[in-house]
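*Asks:* my questions concern the predicted model and sequence given below.
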Amino acid sequence: RPYLETVSREQRARPSLISLTCALLQTNVSFSTQHSTFMLKCAAHSRPSSILLSPRVLTFRRSRSLVMGASSSSSLSPPDSLELVYFDIAGVAEKVRLAFSLGHVPFTNTKVAFDEWASIKPTTPFGQLPILKIGSDTTIAQSDAMLRYAGTLAQNKGIDLYPQDKLLQIEEALGMTNDIGRDLRPCIYLAMNPTKAGGYPESFKGTPEHTELVKNVRTTFMTDDFVKYMSKIEAKLESNGNKFIAGTDTPTIADCALVPQLKHFTKGVLDHVPTTCLDEYKNIKAYVDKFMNLPEVAAWYANNKK
């Protein structure tokens, strides 16, 4: 049985380390804790490994992947029906739609008009979309949960969308994609609702000052955060031989999440974000093209043009 040792560089454990420790406590894995270097060490079957931890990054050393989560042999019964409910936009539901499509998992794609939302909102678990209706008696929210569920359903059909031997690489890529979305969010919501997003008076929206604020926020994002993330992704693809983002030969749920995020930048829907912004990143462009040309993905967009 593996021996795990967690160590923190702070006297107070970070939330991520607390979550990891709690997860380990619920398994049959032995581990100990001590301070100073914030590291997870694993020794199993004479193949020691260590994983350097940060709040968002897990990096392997010396071993193959550490398998976490459910056993790859576990089974999840296919539901009688699946209905994904969201607005008629890509948004945060697109990754789930793509995962279902790549996993050959049948689902109903229900589109909600914006003027219908006020009446539907009180019926949802958290007052937000998307929601996923599973069978006749289960409704879940949170798109990341749906994405992993879709990957697990595909995995149980023998389609490697969420392979256990690449679990941490997939989760790392998903974390990075969420980071991009987090840093982009002010660029979107300050334009849509400056009162809620920035505490500005309601009279601020639509003024020249509001327009200038949105321009400055988006320009700063594109010159700083965008370049940072795209450079990292470009280098990541270069180092893994231009495979998919988790270093796999076939797509995973990480690609289902990342590619729509990348394509969003080139749609021309955000002022001050040029549609040519990915042109200088040849590996990223090739990666997006490869994903978009997958037969299941091409079929999805051919039948669901937006």
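*Replies:* Looks like it arrived, so ask away.

*Asks:* in a strand, K133, correct?
*Replies:* Yes - under DSSP: H, G, I helix; E, B strand; the rest coil, K133 falls within a strand.

*Asks:* give me the neighbour count for the residue lying closest to it once chain neighbours are set aside.
*Replies:* For K133, ignoring the flanking residues on the chain, the nearest one in space by Cβ to Cβ, 6 or more residues apart in numbering is E83 at 4.1 Å. C-betas here are computed from N, CA, C, even on glycine. Neighbours of E83 under the rule other Cβ atoms under 10 Å: 15.

*Asks:* am I right that E83 falls within a strand?
*Replies:* Yes - under three-state DSSP, E83 falls within a strand.

*Asks:* L147 is in what secondary structure piece?
*Replies:* Using DSSP states H and E, the element containing L147 is helix 143-156.

*Asks:* what sits against the nearest residue to F291 once chain neighbours are set aside?
*Replies:* Spatial nearest neighbour of F291, excluding adjacent residues (Cβ to Cβ, 6+ apart): V259 at 4.7 Å. V259 makes contact with L98, Y287, V288, F291, M292, according to Cβ atoms under 8 Å, 6 or more residues apart in numbering.

*Asks:* thinking again about what came up before, pLDDT on the helix holding L147, on average?
*Replies:* Averaging pLDDT along helix 143-156 gives 96.

*Asks:* check stretch 108-116 too.
*Replies:* 96.

*Asks:* which residues touch it?
*Replies:* By Cβ under 8 Å, 6+ apart, stretch 108-116 touches S81, L82, E83, L84, V85, Y86, F87, D88, R97, I120, L129, N304.

*Asks:* can you give me the strands for the stretch 51-200 of the chain?
*Replies:* Taking DSSP state E, counting those that start in this stretch as the criterion, the stretch 51-200 of the chain contains strands spanning 58-61, 82-87, 108-112, 131-134, 138-141.

*Asks:* how far does the helix or strand where I284 lies sit from its chain's centre?
*Replies:* Assigned by DSSP H and E, I284 belongs to helix 282-292. Here the centre of helix 282-292 is set off from its chain's centre by 18 Å, with Cα atoms, centre = their mean, to the nearest Å.

*Asks:* name the helices or strands packed onto it?
*Replies:* helix 225-239, helix 253-265, helix 295-303 (3 or more Cβ pairs under 8 Å, 6 or more residues apart in numbering; DSSP states H and E).

*Asks:* would you mind finding the most buried of the ones you listed?
*Replies:* Across these, averaging neighbours per residue (mean count of other Cβ atoms under 10 Å) puts helix 253-265 on top, at a mean of 23.

*Asks:* that one vs helix 225-239, what angle?
*Replies:* Interaxial angle, helix 253-265 versus helix 225-239 (axes from the mean of the first three to the mean of the last three Cα atoms, to 10 degrees): 140 degrees.

*Asks:* any residues touching stretch 293-306, and which ones?
*Replies:* Outside of stretch 293-306, the residues within contact range by Cβ under 8 Å, 6+ apart are D88, I89, A90, R97, L98, S101, L102, H104, N109, P251, F291, M292.

*Asks:* for those, give me a markdown table that also has distance to A145 and neighbour count.
*Replies:* As requested, the contacts of stretch 293-306 are arranged in a markdown table below (distance: Cβ to Cβ, whole Å; neighbours: other Cβ atoms under 10 Å):
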| residue | distance to A145 | neighbour count |
| --- | --- | --- |
| D88 | 22 | 13 |
| I89 | 20 | 12 |
| A90 | 19 | 19 |
| R97 | 15 | 23 |
| L98 | 16 | 27 |
| S101 | 18 | 25 |
| L102 | 18 | 26 |
| H104 | 20 | 12 |
| N109 | 18 | 18 |
| P251 | 20 | 24 |
| F291 | 22 | 22 |
| M292 | 25 | 13 |
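
*Asks:* so which of the residues you listed comes closest to M222?
*Replies:* A90 (20.0 Å; Cβ to Cβ).

*Asks:* quick check: closest non-adjacent residue to the closest one.
*Replies:* Nearest residue to A90 in three dimensions, chain neighbours excluded: P260, at 5.5 Å (Cβ to Cβ, 6+ apart).

*Asks:* contacting residues for the one you found?
*Replies:* By Cβ under 8 Å, 6+ apart, the contact set of P260 is A90, E94, K95, L98.
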